[in-house]
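K.L.:
Take this sequence and fold it.
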Amino acid sequence: MWRSLLAVALGGVLGTGARWGIDVLLPHTTPGTLALSTVVVNVAGSFVLGLLVAALWPRPSVPTWFKAGVGTGVLGSFTTFSAVSLNVVASAVEANILATLGALVLSVVLGLLAAWGGLVLGARVAGRSVVQASSIPDGGSDL
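P.N.:
Below you'll find the model as predicted:
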């Protein structure tokens, strides 16, 4: 347990740093407009997590602390639902319907498609044709 806690804490530092770096590269321009950096990190994080869950998580040789450190720590701190929520609300308050719909559609739809693509690619890399929910250890509680 302590090893997993330390892995999550260290992973959180790395994921948050990477997230900040992308925010610097793709800054938010005006409040109430679509924040491209938020879409990029959430879609990329969804894809990478899907890939890892399908390709590595089912392997008994992958330790729980690694899964927790990378899944919850790095990717959990890299992606953020709160930023999506804030973008949508800020856009709606400013009556910017295009930005509001853009933030919702891009984040949710592209995020789901990226997660699906990661799962499919990860399953193929691991030599499996399908990812089954039962292949995700602990139902995903250690992600």
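K.L.:
use CA for all of it now, contacts and neighbours both
P.N.:
Fine.
K.L.:
Roughly how far does residue 55 sit from residue 77?
P.N.:
Distance, residue 55 to residue 77, by Cα to Cα, to the nearest Å: 21 Å.
K.L.:
what sits against residue 14?
P.N.:
residue 74 (Cα atoms under 8 Å, 6 or more residues apart in numbering).
K.L.:
So for the helix or strand hosting it, what gets flagged as buried?
P.N.:
Assigned by DSSP states H and E, residue 14 belongs to helix 2-25. Within helix 2-25, the residues that count as buried by 16 or more other Cα atoms under 10 Å are 4, 7-9, 11-16, 18-19, 22-23.
K.L.:
Return the residues in contact with the residue lying farthest from the centre of the chain.
P.N.:
Most distant from the centre of the chain: residue 95, at 28.0 Å, with distances by Cα atoms, centre = their mean. Residues near residue 95 by Cα under 8 Å, 6+ apart: none.
K.L.:
Is there a neighbour count for residue 63? I'd like the number.
P.N.:
Close neighbours of residue 63, defined as other Cα atoms under 10 Å, add up to 12.
K.L.:
now the one 3 residues further on
P.N.:
Look at residue 66: counted by other Cα under 10 Å, it has 19 neighbours.
K.L.:
export the buried residues of helix 2-25 to CSV and tack on distance to residue 121 and pLDDT?
P.N.:
Putting the buried residues of helix 2-25 into CSV (distance: Cα to Cα, whole Å; pLDDT from 0 to 100) gives the following:
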residue, distance to residue 121, pLDDT
4, 27, 95
7, 26, 97
8, 25, 96
9, 28, 97
11, 24, 97
12, 25, 96
13, 27, 97
14, 25, 97
15, 23, 96
16, 26, 95
18, 24, 96
19, 24, 93
22, 25, 92
23, 27, 87
